[in-house]
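**Student:** predicted model and sequence follow; I will ask about them next.
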There are 2 protein chains.
Amino acid sequence: MNEHGILAVVSGFSGAGKGTLMKALLERYDNYALSISATTRNPREGEVDGREYFFVNEEHFKNMIKQEDLIEYAQYVNHYYGTPKQYVFNQMEQGKDVILEIEIQGALKVKERFPETILIFVIPPNAEELKRRLIGRGTENEEVISARLHRAVEEAEGIDSYDYIVINDTVESCVEVMHRLIQVQHNRVSNNKAFISQIREELKNI
Amino acid sequence: MNEHGILAVVSGFSGAGKGTLMKALLERYDNYALSISATTRNPREGEVDGREYFFVNEEHFKNMIKQEDLIEYAQYVNHYYGTPKQYVFNQMEQGKDVILEIEIQGALKVKERFPETILIFVIPPNAEELKRRLIGRGTENEEVISARLHRAVEEAEGIDSYDYIVINDTVESCVEVMHRLIQVQHNRVSNNKAFISQIREELKNI
């Protein structure tokens, strides 16, 4: 099994706690690699260049587009976000399961180019909980929270394009479900072509 | 979650140990129901009518076809095999995950009618192991074993139509993989339409 790593996209409403989840998943299991996006937005407090994002200016980003260095890119609230190609491919070839934490626009582009990608949408148990978490984070003013809730209505329309939802009730259980979801993809027929061919040959010659 | 049960088809080479696996799965977890097929073949030693199969004669079987009482049916080595509809639907409505242990012809018909069905192919770690198990079972003569191995070559061609493979190395690990495979299907977007609609409504009114 495991002819190569799995590519998994994780999306979710802003404030649904994806960052915390991804951190917990990577701490608990060592078979994952988290793709680091490039972005033209400014770093938030505590964010480090090359850890949360590669923070680049618009000229640099547009150059990456031109050089086809990105798997996908999207514009969201006046900033560019994109996934550098090389790191993702290298990690998958080494058997790592690579997670892209990106928005729906990007998710759909990745799925179109790589249909084996699984798209996971992290969803709060209910809308009130999402609001509570946005307020609780305390990093955004009321206007931003209101904009995010408004945006969530739009984002929710896109869920039908995803393969799976994971309900973010507790970090513990959510991480476990996400891990299982991704791991079973290693059993997909399409991920085991060499093994299946080998069995076929063996059966003919037995 | 769990708006209704999952329908899973489990196929595999004759002698790959599907029966043992299904028994172990049902003993370990109580959320499964195993569909009982109707067949026109004779009972093997130890098989009980209404437990392993409903053993019926050809006239009875053809009548079930006419009455549309079967989800699918297929002919294999001069005998009919089919899946009675009512039991499967009842169990799924009650939230049980229903397993159909059927051949590829039937599997494809079920998938066509119910695209949400997951098709799992149980596969031995290698062809030699399959041969060892066929011989080890001791219930069949050499001619039958040879015919089964020949049939396995044909069956192997059909694996590409399945969604997942599960390698039957030990019963223990195989049952666990199969359980996880089926359980993650409860997270499919298509199995959570009511929940997703509800979140959408909540977000609009928050």
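**Tutor:** Ah, there it is.

**Student:** only C-alpha atoms from now on, for both contacts and neighbour counts.
**Tutor:** OK.

**Student:** buried stuff in the helix or strand of chain A with the lowest mean pLDDT?
**Tutor:** Each helix and strand of chain A was given a mean pLDDT (mean pLDDT, DSSP states H and E); the minimum falls on helix A:127-137 at a mean of 86. By neighbour count with 16 or more other C-alpha atoms under 10 Å in any protein chain shown, helix A:127-137 contains the buried residues A:127, A:129, A:130, A:131, A:134, A:135.

**Student:** for that helix, packing partners?
**Tutor:** With contacts defined as 3 or more C-alpha pairs under 8 Å, 6 or more residues apart in numbering or on different chains; DSSP states H and E, helix A:127-137 has these neighbours: helix A:142-157, helix B:193-205.

**Student:** so for residue A:192, which of those sits nearest?
**Tutor:** Taking C-alpha to C-alpha, helix B:193-205 is the member of the helices and strands packed on helix A:127-137 nearest to residue A:192, at 30.8 Å.

**Student:** hmm, the closest one touching chain A?
**Tutor:** Yes: shown here: helix B:193-205 in contact with chain A (C-alpha under 8 Å from any C-alpha of the partner chain) through B:196, B:199, B:200, B:202, B:203, B:204.

**Student:** what residues does that helix touch?
**Tutor:** When contacts are defined by C-alpha atoms under 8 Å, 6 or more residues apart in numbering or on different chains, helix B:193-205 is touched by residues A:126, A:127, A:128, A:149, A:152, A:153, A:156, A:157, A:159, B:1, B:3.

**Student:** now it, how far from the centre of its chain.
**Tutor:** 34 Å (C-alpha atoms, centre = their mean, to the nearest Å).

**Student:** quick one: that helix to helix A:142-157, angle?
**Tutor:** For helix B:193-205 against helix A:142-157, the angle by axes from the mean of the first three to the mean of the last three C-alpha atoms, to 10 degrees is 150 degrees.

**Student:** buried residues, helix B:193-205. List them.
**Tutor:** Here helix B:193-205 shows B:196, B:199, B:200, B:203 as buried, counting by 16+ other C-alpha under 10 Å.

**Student:** dump the residues you listed to a markdown table, plus pLDDT.
**Tutor:** Converted to a markdown table, these look like this (pLDDT from 0 to 100):
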| residue | pLDDT |
| --- | --- |
| B:196 | 96 |
| B:199 | 94 |
| B:200 | 95 |
| B:203 | 93 |
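
**Student:** farthest-apart pair in those, please.
**Tutor:** B:196 and B:203 (10.7 Å).

**Student:** and which of the contacts of helix B:193-205 is nearest residue B:83?
**Tutor:** Taking C-alpha to C-alpha as the measure, residue B:83 lies nearest residue B:3 of the contacts of helix B:193-205, at 23.0 Å.

**Student:** residues of chain A that sit close to chain B?
**Tutor:** Residues of chain A lying near chain B by C-alpha under 8 Å from any C-alpha: A:126-128, A:149, A:152-153, A:156-157, A:159-160, A:162-166, A:177, A:180-181, A:184, A:187-190, A:196, A:199-200, A:202-204, A:206.

**Student:** ok, 7 Å please
**Tutor:** A:126-127, A:153, A:156, A:160, A:162-166, A:180-181, A:184, A:187-189, A:199-200, A:202-204 (C-alpha under 7 Å from any C-alpha of the partner chain).

**Student:** ranges for the helices of chain A?
**Tutor:** Remark: helices assigned in chain A by DSSP state H are A:18-28, A:58-66, A:85-93, A:104-113, A:127-137, A:142-157, A:171-184, A:193-205.

**Student:** show me where pLDDT drops low in chain A?
**Tutor:** A:1-2, A:137 (pLDDT under 70).

**Student:** flag every buried residue along stretch A:111-124.
**Tutor:** A:111, A:116, A:117, A:118, A:119, A:120, A:121, A:122, A:123, A:124.

**Student:** leaving out the residues flanking it, which one is nearest to the second one?
**Tutor:** The shortest distance from residue A:116 to any residue other than its chain neighbours is 7.5 Å, reached at residue A:7 (C-alpha to C-alpha, 6 or more residues apart in numbering or on different chains).

**Student:** which residues touch the least confident helix or strand of chain A?
**Tutor:** Residues outside helix A:127-137 that contact it (C-alpha atoms under 7 Å, 6 or more residues apart in numbering or on different chains): A:15, A:16, A:124, A:145, B:199, B:202, B:203.
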